[in-house]
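Undergrad: Okay, predicted coordinates and the sequence, questions at the end:
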Amino acid sequence: MLTRRLMLHATGCGLVAAGLPSAVFAAAETDKRLVVIILRGAMDGLSAAPAYGDPDFERARNGLALPPPGQAGGVLKLDAMFGLHPNLVGLKSLYDAGEMTVVHACATPYRDRSHFDGQNLLENGSENPNGLETGWLNRALAQIPGTGKPLGVALDSHMPLVLRGPAPVTSWAPSLLPSPDYDTVQRVAMLYGETDPVLARDFALAQGANSVAAGTGAAGYQAFVQLMTAAARFLSTPDGERIAMVDIGGWDTHVNQAGAFSPLSTNLRTLDHGIAALRQGLGPIWRDTVVIAVSEFGRTVAMNGTQGTDHGTGSAVFLAGGAIRGGQVVADWPGLKPANLYQNRDLRPTTDFRSIATGVLRDHMGLRANQLAAVFPSSAPIHPKDGLIRA
Amino acid sequence: MSIDAAIATNRFGLGARPGDVADVANDPKGWLIAQLTPERELPDPLRALPSTADDMGAFFKWVRQIAADARTHGMDPYKLKPEAGMRDSAMTGGDSGFSIEREYVKTFIPRYAVAVKARFDTSVQTERPFFERLVHFWVNHFVVSGAKPGAIAMPPSFERDVIRPNVTGRFVDMLLASTKHPAMLFYLDNFRSVGPNSKVGRNPSLRARRDQPFAVPQQTGLNENLAREIMELQTMGVRSGYTQADVTSFARVITGWTIASPPRVPFYRLVLQGRLNGKGLFEFDDEEHEPGSQTIMGKRYDEAGVDQGEAVLHDLAAHPATAHFIATKLARHFVADDPPPEMVEAMAGAFLATGGDLKSVYVQMVKSAGAFRPEAQKFKTPEEYVISAARALPDYRPDAASLLRAYRSMGQAPYNPPGPNGWPDIAAEWLGADAVWKRFEWANQTSGSLASSNLNPGALGADVLGPQLSAATSQAIARAQSPQQGLTLLLASPEFQRR
């Protein structure tokens, strides 16, 4: 069987042309895996992880509160205060197994309500939307000793901002088009080598990615679940990628968000199935894995005029994986009384997402303080959260 | 001189057809500017598309049909939410054999495919490629996306009603037409936004009766989605001085801006009976409009019914931030990811000096220093790439299904951008290992589908790229082992992918 390494070597002319080292045999110096899922559109954290035990919950949500645990269609109980949406059955069993954590009332430093600025800031890891043109996940990759071959993969035909930057990264998404013959591949690689270093680099990386992910699935419905299966393939290749990034959109629920078949409910189920597919695909490597699922911001606490919610601030972040010290909800809970809301409308953020990300990067990926500062440049110190990772 | 002709056709047009570069060589800028006149009649491929009322009606008819079908399968139709249908194949009725998703696909994908093919045919055939590029630009600015399932049929009719008539006119007219179009009112939810102190707001049972086809009693109130995106994405741009309070006030101002009898029963009957044409679907509903004056960015707008919202839109359209935002987006789309600041300033100046006359802004762009810099400044989007190849290759005329497959593989299904900010417009978003590979796969498939006897890729490259064709690419084509392989190299070459 042709391993990925040999395949890269066999097609190495593109790599040489792109100025990458031709020796691509050493693996990264870490066995840890990290998967970042961006939930685009602003997930309603109070639906995904309801604070059903808050005495103000039902009143504050005025019509969007799910029934309490134990009732039909009710919240899945995590503790006396928090639960999960009933479609998150997989995450609930991970929680019970000590492999899932909810971080609640969490937000990036972004305090306005534009999706696109919010996502920019979430991805660039700075303190303003146009603060940096590279992504924090790419800068984290740049801290991991490797060989110059990509340690990050986007399961996407676009390259998301969070993975853009100096560290080499690859990308892959299922194809509906026939595969070209080898001779034509070689000639195009040579042409790019002579004329266009950017195309040459990406073309060479794509050949490597194709040899790993071939056969993991087709585009279409349930695309997210299939992409998570492909992510598992990249991460479990012995000298393969260590960090994967997957997108799932459709969280902007301005209208009709309640109900068992609402877009929010189906999206949560898809997220749940996707994480289950990743776990299954990783097998024993799940033990060394952390998944972070995060959205650009949350939504209004109260229902709007159209049975949905408008753009808000604080939300919930999911952490899953065998490396997570799970079975806990991490929250400095701000409460839901009107006076406790951010600008009288949103869940007040009490945890900085960067403290979660740096906690994972430090305790799981082994980054040191000065490296974390390069990943998340900040005007004030960020305190990495302790206790997220299993000792 | 002929480098300018190649730039005019490739950077500002949709790519050269054989002979185009030579034809425009006398006066490339004049050729572009001459295209900036209103469209006298719709291009042939678009004329056959259904009307707005038909596109809207199709969705609501489907909602009714789905309810009836669900009942025959013993399911409660009001527990099926149509908007959820697209997202998850688990949206099925268990063992009943009833699938909301399957029904949705069956009903709407053909309608969508016909529209995408018509857009492609128009782009390939047009003699006014700069005008058509501008249509594409504005469709990607005032975004109605079929990625929202209920809106899947609407973008082509929105383009026909709102964009095409206003491409060379005043910005404010396009903004007004957009904000009053049923597709935009539906896509960004305003058709159901109700003033809390309006007659309906204070007596929700009035609304529940009107919304009968949805049957679920609707709570009524404010939805700020459209107001925010008009300010953030369509006029001033984000971080240009407005606040959350301004957004909320503006949302109150445009309550009551809704669709004529939106999904209301009489509307169906009119559609079914063929009695409703594409006009007159906007309705200002006084009973849903929030009464009273509102203050936006320090200016007070007194209660004036629909005129209150129009006054706000006029002020937004004339704001210097809007001029700058539109100028930046145009220059970024056509000229460079980071356009020269002096070019943007000159274009914004033309916008303000003419009260937002768009033709003046385009002319300023074409005449600016830097517009014809010989180095390629832009990486084509997948759709631009496919269209430019089809214009270069008269024998490449894909059917709708293979066209859609190509677009989806390269990550850009026309009319379906992921969000109201439209498709990205910088190279960093479209470059990447998978993106580059998919384009190559498509180039290879396309070349392989053409008969070798008609192919002379070396001559074709010289014809459509002119002096932009590099020696390295010429040589690679000359050494190819077949005409198809040579054509793959031409289509995959950097100079064909960049513009």
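TA: Yes, it's here.

Undergrad: ok, now which ones touch the residue nearest the centre of chain B?
TA: Centroid-nearest residue in chain B, with C-alpha atoms, centre = their mean: B:Val139, separated by 2.8 Å. Contacts for B:Val139 (C-beta atoms under 8 Å, 6 or more residues apart in numbering or on different chains) come out as B:Pro155, B:Phe158, B:Glu159, B:Ile163, B:Tyr415. The C-beta positions use only the backbone N, C-alpha and C, and glycine is treated the same way.

Undergrad: ok, now how distant is it from chain A?
TA: Going from B:Val139 to chain A by C-beta to the nearest C-beta, to the nearest Å gives 18 Å.

Undergrad: what about B:Val253, how many residues close to it?
TA: 27 (other C-beta atoms under 10 Å in any protein chain shown).

Undergrad: for the host helix or strand of A:Arg187, which positions count as buried?
TA: Take DSSP states H and E as the rule and A:Arg187 turns out to sit in helix A:182-195. Using 16 or more other C-beta atoms under 10 Å in any protein chain shown as the burial criterion, the residues of helix A:182-195 that qualify are A:Thr184, A:Val185, A:Arg187, A:Val188, A:Ala189, A:Met190, A:Leu191, A:Tyr192, A:Gly193, A:Glu194, A:Thr195.

Undergrad: Which single one of those residues is nearest to B:Val167?
TA: B:Val167 lies nearest to A:Thr195 out of these, by C-beta to C-beta, at 35.7 Å.

Undergrad: so who does the closest one touch?
TA: A:Thr195 sits next to B:Ser470, B:Ala472, B:Thr473, B:Ser493, B:Pro494 when contact means C-beta under 8 Å, 6+ apart.

Undergrad: same deal with B:Glu384?
TA: Taking C-beta under 8 Å, 6+ apart as the contact definition, B:Glu384 lies against B:Leu14, B:Gly15, B:Arg499.

Undergrad: what's the burial count for the last one?
TA: Applying the criterion other C-beta under 10 Å, we find 22 residues in the vicinity of B:Arg499.

Undergrad: That one and A:Ile144, how far apart?
TA: 37 Å (C-beta to C-beta, to the nearest Å).

Undergrad: which one is the closest residue to chain B within chain A nearest to, not counting chain neighbours?
TA: Proximity of chain A to chain B (C-beta to the nearest C-beta) peaks at A:Gly305, 2.1 Å away. What sits nearest to A:Gly305 in space, not counting adjacent residues and going by C-beta to C-beta, 6 or more residues apart in numbering or on different chains, is B:Gly221, at 2.1 Å.

Undergrad: And B:Ala48, by the same measure?
TA: Nearest residue to B:Ala48, sequence neighbours excluded (C-beta to C-beta, 6+ apart): B:Ala118, at 7.2 Å.

Undergrad: go on, B:Arg479?
TA: B:Arg479's closest residue in space is A:Arg187 (C-beta to C-beta, 6+ apart), at 8.0 Å.

Undergrad: B:Asp121 against B:Arg47, yeah?
TA: No - the criterion here is C-beta atoms under 8 Å, and B:Asp121 misses it with B:Arg47 at 11.3 Å.

Undergrad: between the two, which one's more packed in?
TA: Applying other C-beta under 10 Å to B:Asp121 and B:Arg47 shows that B:Asp121 carries more neighbours, namely 18 against 10.

Undergrad: Okay, now the unreliable bits of the chain?
TA: Let's take chain A. Applying pLDDT under 70 to chain A flags the ranges A:1-28, A:214-222, A:260-261.

Undergrad: that's the other chain; I wanted chain B
TA: Those would be B:1, B:59-71, B:73-107, B:207-219, B:261-280, if you go by pLDDT under 70 across chain B.

Undergrad: which residues of it fall in strands?
TA: B:257-259, B:282-284, B:294-296, B:299-301 (DSSP state E).

Undergrad: Make a markdown table from those strands and add mean neighbour count to it.
TA: A markdown table is the format used below for the strands of chain B (neighbours: other C-beta atoms under 10 Å in any protein chain shown):
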| stretch | mean neighbour count |
| --- | --- |
| strand B:257-259 | 24 |
| strand B:282-284 | 18 |
| strand B:294-296 | 18 |
| strand B:299-301 | 13 |
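
Undergrad: Need these in CSV (columns: distance to chain A).
TA: Shown next, in CSV, are those (distance: least, C-beta to the nearest C-beta, whole Å):
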stretch, distance to chain A
strand B:257-259, 12
strand B:282-284, 17
strand B:294-296, 16
strand B:299-301, 21
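
Undergrad: could you redo those strands as TSV and give each row distance to B:Met231?
TA: Listed next are the strands of chain B as TSV, based on distance: least, C-beta to C-beta, whole Å:
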stretch	distance to B:Met231
strand B:257-259	15
strand B:282-284	20
strand B:294-296	9
strand B:299-301	14
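
Undergrad: So which residues of chain A form helices?
TA: A:4-10, A:13-17, A:45-48, A:57-61, A:89-96, A:115-124, A:136-142, A:182-195, A:197-213, A:223-236, A:263-282, A:353-363, A:369-375 (DSSP state H).

Undergrad: Next up, the contacts around B:Phe372.
TA: With C-beta under 8 Å, 6+ apart, B:Phe372 has these contacts: B:Ile3, B:Asp4, B:Ile7, B:Ala8, B:Arg11, B:Pro28.
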